[in-house]
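Peer 1: Pasted the sequence and its predicted model underneath.
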Amino acid sequence: MDAIVATGLASRPWRKRPSTILWVLSLGQLITWGLVYYTFPLFVAPMEKELGWSRNELYGALSAGLLVAGLCSIPVGAWIDRGRGRLLMTGGSLLAAAMMFLWSHVHSLPLFYVVWLGLGACQSVTLYEPAFAVITRVYGPRYRQAIMVMTFVGGLASTFGIPLAQFLIAHIDWRPTLMVLAAINLGVAFFIHWLFVPGPSEEAVPIAHMPQASTGLPRRNPLAAAVRVPAFWGLVVAFAGYGLAFSAMSFHLIPLLEERGVTIGVVMAIIALIGPMQVLGRMLLMAGQRHITTIQLGALIYFAFPISMAMLASGIRGFYALALFAVIYGVANGLLTILRGMAVPEFIGPEGYGVVSGALTMPTNIMRAAGPLMASLAWSLLGGYTPVLWGLAGIMVVAALGFAAAAFLSQKQPARPAAQI
């Protein structure tokens, strides 16, 4: 980590130094993930009570928004490759502020769906994938360590956002809470994204030397080249399966535990534990990064996920059993975020990071959009969360097979940088 901080060049204004950009954008990830993404389940119960809408109707709006985020991912990646990150990320945070303010005044279901379509669009330009693309343009070949630092800070998002929103809802009710969250996102737009994200006039640092650029031949389309790489499709399966399971868990873990009679204090403790476990996993990876390859990292992650899902499906409800689940799930989830950031250049190639990452993110976010609604519908049809959890465990086994295929196929490809973290 110290090596990353030291990469800022003294000759640059402090606001444009790579280390400053990295730490400030990481703070932005902490706030945006914590307040825009993770807090939705906390508003479900009070909205059901006041407005009379069903859980399926509420989660339908969330899924619609996440679907928009997925559909926007390829153009967003392409625009960031062209240096438009500042405009996109600032606009995304401004849109988040506007939509949360509008949400605080919502009384009709169609307007609530409009709000979440807008929040989905803002997530497509403010969360990890666009931030990874921006920071990769800043750090070039040192992107691995920079991504680890960003996810290290962002890993505390749920630990920060969920207790804060829960405290506000308990003391000032859900509508004023949304106004507070809107104001915070307004601050993120100006004080983080507008002031610190590099603009189009600032040249990107290449990840690797691209010899074909000097041959005089037309440059190939990086996305068209990526989809012809077999490992790309293995990663699609691996990350899309994870996206579905992750979003279902993110938005149903609280009602799931409440359904089992777990007290709200224990629920909040388990939720709060997942974030630090994400950070712990990333700290361990930082310490041992020279001794583990990307393939070994992925194998560890995709072994842990089905185990954690199966533990929860088995009906555990005691604090210590749930804490063990939170440790396994949190560590694996924290490491998966880093794996997503590193897999594009190491399994597919370094050219066009933003647009290729966006292409992988699209099916991931489409499955992420489907997760909450599918879990809600399955809960309604099957009469509880236990069969839903066994289904998620099976999906993670399929995702693991996808990663195994991508790892195997990437080793069959000619001449690419070593996949050492």
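Peer 2: Yes, it's here.
Peer 1: Show me the shaky parts of the chain.
Peer 2: Scanning the chain for pLDDT under 70 picks out 1-15, 201, 203-220, 350, 412-421.
Peer 1: got the CA coordinates for stretch 306-318 in PDB?
Peer 2: The C-alpha trace of stretch 306-318 is given here as PDB (Å, rounded to 0.1, in the frame of the first residue of the first chain):
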ATOM      1  CA  PRO A 306     -21.200 -22.300  -2.500                       C
ATOM      2  CA  ILE A 307     -20.100 -23.300   1.000                       C
ATOM      3  CA  SER A 308     -21.300 -20.100   2.500                       C
ATOM      4  CA  MET A 309     -24.700 -20.300   0.600                       C
ATOM      5  CA  ALA A 310     -25.100 -23.900   1.800                       C
ATOM      6  CA  MET A 311     -24.400 -22.900   5.400                       C
ATOM      7  CA  LEU A 312     -27.200 -20.400   5.300                       C
ATOM      8  CA  ALA A 313     -29.500 -22.800   3.500                       C
ATOM      9  CA  SER A 314     -29.000 -25.300   6.300                       C
ATOM     10  CA  GLY A 315     -31.100 -23.100   8.600                       C
ATOM     11  CA  ILE A 316     -28.400 -21.600  10.900                       C
ATOM     12  CA  ARG A 317     -29.800 -18.900  13.200                       C
ATOM     13  CA  GLY A 318     -27.400 -18.700  16.100                       C
END
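Peer 1: list the buried ones in that stretch?
Peer 2: Under the neighbour-count criterion of 16 or more other Cβ atoms under 10 Å, stretch 306-318 has Pro306, Ser308, Met309, Ala310, Met311, Leu312, Ala313, Ile316 buried. Backbone N, C-alpha and C define where each C-beta goes, glycine included.
Peer 1: I'd like to know which of those residues are part of helices.
Peer 2: Here DSSP state H is the test, and those give Pro306, Ser308, Met309, Ala310, Met311, Leu312, Ala313 as lying in helices.
Peer 1: Make JSON lines out of the residues you listed and add distance to Leu127.
Peer 2: Shown next, in JSON lines, are those (distance: Cβ to Cβ, whole Å):
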{"residue": "Pro306", "distance to Leu127": "25"}
{"residue": "Ser308", "distance to Leu127": "22"}
{"residue": "Met309", "distance to Leu127": "23"}
{"residue": "Ala310", "distance to Leu127": "28"}
{"residue": "Met311", "distance to Leu127": "28"}
{"residue": "Leu312", "distance to Leu127": "25"}
{"residue": "Ala313", "distance to Leu127": "28"}
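Peer 1: so how far is Phe191 from the residue nearest the centre of the chain?
Peer 2: Taking Cα atoms, centre = their mean, the centroid of the chain lies closest to Tyr128, which sits 5.2 Å from it. Distance, Tyr128 to Phe191, using Cβ to Cβ, to the nearest Å: 20 Å.
Peer 1: got it, and Ala399?
Peer 2: Where Phe191 is concerned, Ala399 sits at a distance of 37 Å (Cβ to Cβ).
Peer 1: who's more crowded, the two?
Peer 2: Ala399 (25 against 14; other Cβ atoms under 10 Å).
Peer 1: Helices of the stretch 1-150 of the chain, start to end?
Peer 2: Using DSSP state H, counting those that start in this stretch, the helices of the stretch 1-150 of the chain run over residues 2-5, 18-32, 40-51, 55-81, 85-103, 109-126, 128-139, 143-154.
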